[in-house]
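Participant: I'll drop the sequence and a predicted model, then ask my questions.
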Amino acid sequence: MRDFAAKVIVITGAGSGIGRALALKLANKGAFVAISDIDKNSVEATAQMITDLGGRAHAARLDVADRQAFYAYADQVIAQYGRVDVVINNAGVTVNERIEEMTYDDFEWIMSINFWGVVYGTKAFLPHLKQSRDACIVNVSSLFGLIAFPTQGAYNASKFAVKGFTEALRYELMGSSVTPICVHPGGIDTDILKHARFHQLDTGETSLQEAIEQFRRVAWTRPDQAADSIINAIRHKSRRVLIGPDAMIMDLLGRLFPSSYDRLIGFFLKQKWLRRS
């Protein structure tokens, strides 16, 4: 996809972070962006930024965990633009808690957004994407969809699921006009922890503010840099995208030491090398 001018691009979780950066950059390239977020005010703020740039945006409040709402939203986008060329399933949340202490409600909440939100976004838009001569569906997994990490068990499960789902979809759509892309960002400087269900870190730390500060220290990549990587992947139809040096390092670690990387990560954590403290 060499040119984004007049392409119709759907982006969930566009009220902040990577989603907002994608919306602004793609609108600036001439795309018509259909943006959504569970926070109505934030997605409308993104839409206003796009309008100020001279672009076009269709903004809506959307809970990606609501199947009926997602299908209704797809109908709205098609009614507005008549087609869709790219869908970016970006919306996501996290839970910080040890598996033994985590409630089933927390498990179900994160899976409903991180996994089922991707499934709904894929299935609601796929028939329309297949009508495009050159389409992409971009599912955002994570570095934690490649390697596991303490107190991230539910998040790991959801993001590993996105990876497997997208790779299976890639086989099934082989030879069609739709290219599935799986994105694995490392630490991105976003507000994901502010919207998390936070209980504790792997150290036992229970202060959300301390967790946010630690996350900021290891979030090596800015949202606009992540957006550039995703846009480049769409342009070149790169099926698997690692974003940030941490994602690249941890991916290599997981492939070189598939049965023992947990011990290495545990050692690094004890040395505080992964926290930059």
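Facilitator: Structure's in. What do you need?

Participant: Residue 124 belongs to a helix, doesn't it?
Facilitator: Yes. Under DSSP: H, G, I helix; E, B strand; the rest coil, residue 124 falls within a helix.

Participant: does it really touch residue 66, like I thought?
Facilitator: No. In this structure, residue 124 is not within contact of residue 66 by Cβ atoms under 8 Å, at 11.2 Å. Backbone N, C-alpha and C define where each C-beta goes, glycine included.

Participant: Residue 85 against residue 130, yeah?
Facilitator: No. With contact defined as Cβ under 8 Å, residue 85 and residue 130 do not form a contacting pair (11.2 Å).

Participant: all strands for this protein, in order.
Facilitator: Ranges of strands within the chain are 8-11, 32-37, 56-61, 86-89, 95-96, 135-140, 178-185, 197-198, 240-243, based on DSSP state E.

Participant: now the last one, how far from the centre of its chain.
Facilitator: Distance, stretch centre to chain centre, for strand 240-243: 12 Å (Cα atoms, centre = their mean, to the nearest Å).

Participant: In its sheet, which strands sit next to that strand, and in what direction?
Facilitator: strand 178-185 (parallel) (DSSP bridges).

Participant: ok, back up a step: so which of the strands of the chain is nearest residue 221?
Facilitator: Across those, residue 221 has its closest neighbour in strand 240-243 (6.1 Å, Cβ to Cβ).

Participant: pLDDT averaged over the closest one, what's the number?
Facilitator: What strand 240-243 shows for mean pLDDT is 96.

Participant: What number of residues are in the vicinity of the closest residue in space to residue 73 that isn't next to it in sequence?
Facilitator: Spatial nearest neighbour of residue 73, chain neighbours left out: residue 62 (5.2 Å); criterion: Cβ to Cβ, 6 or more residues apart in numbering. Counted by other Cβ atoms under 10 Å, the residues lying close to residue 62 total 26.

Participant: okay if I get the strands of the chain as a markdown table plus mean neighbour count?
Facilitator: What follows is these, written out as a markdown table (neighbours: other Cβ atoms under 10 Å):
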| stretch | mean neighbour count |
| --- | --- |
| strand 8-11 | 27 |
| strand 32-37 | 28 |
| strand 56-61 | 20 |
| strand 86-89 | 28 |
| strand 95-96 | 24 |
| strand 135-140 | 26 |
| strand 178-185 | 25 |
| strand 197-198 | 18 |
| strand 240-243 | 21 |
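
Participant: so can I have a markdown table of the ones you listed showing distance to residue 19?
Facilitator: As requested, the strands of the chain are exported to a markdown table (distance: least, Cβ to Cβ, whole Å):
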| stretch | distance to residue 19 |
| --- | --- |
| strand 8-11 | 5 |
| strand 32-37 | 7 |
| strand 56-61 | 12 |
| strand 86-89 | 8 |
| strand 95-96 | 20 |
| strand 135-140 | 9 |
| strand 178-185 | 12 |
| strand 197-198 | 20 |
| strand 240-243 | 14 |
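
Participant: what sits against the residue lying closest to residue 27 once chain neighbours are set aside?
Facilitator: Leaving out its chain neighbours, the residue that sits closest to residue 27 by Cβ to Cβ, 6+ apart is residue 55, at 3.4 Å. By Cβ atoms under 8 Å, 6 or more residues apart in numbering, the contact list for residue 55 reads 27-28, 30-31, 33.

Participant: Counting only helices, which of the residues you listed make the cut?
Facilitator: The members of the contacts of residue 55 that map onto helices under DSSP state H are 27-28.

Participant: Let me know the closest of the contacts of residue 55 to residue 78.
Facilitator: Among these, and counting by Cβ to Cβ, the member closest to residue 78 is residue 33, at 14.7 Å.

Participant: ok, now how distant is the closest one from residue 118?
Facilitator: Here residue 33 is placed at a distance of 19 Å from residue 118 (Cβ to Cβ, to the nearest Å).
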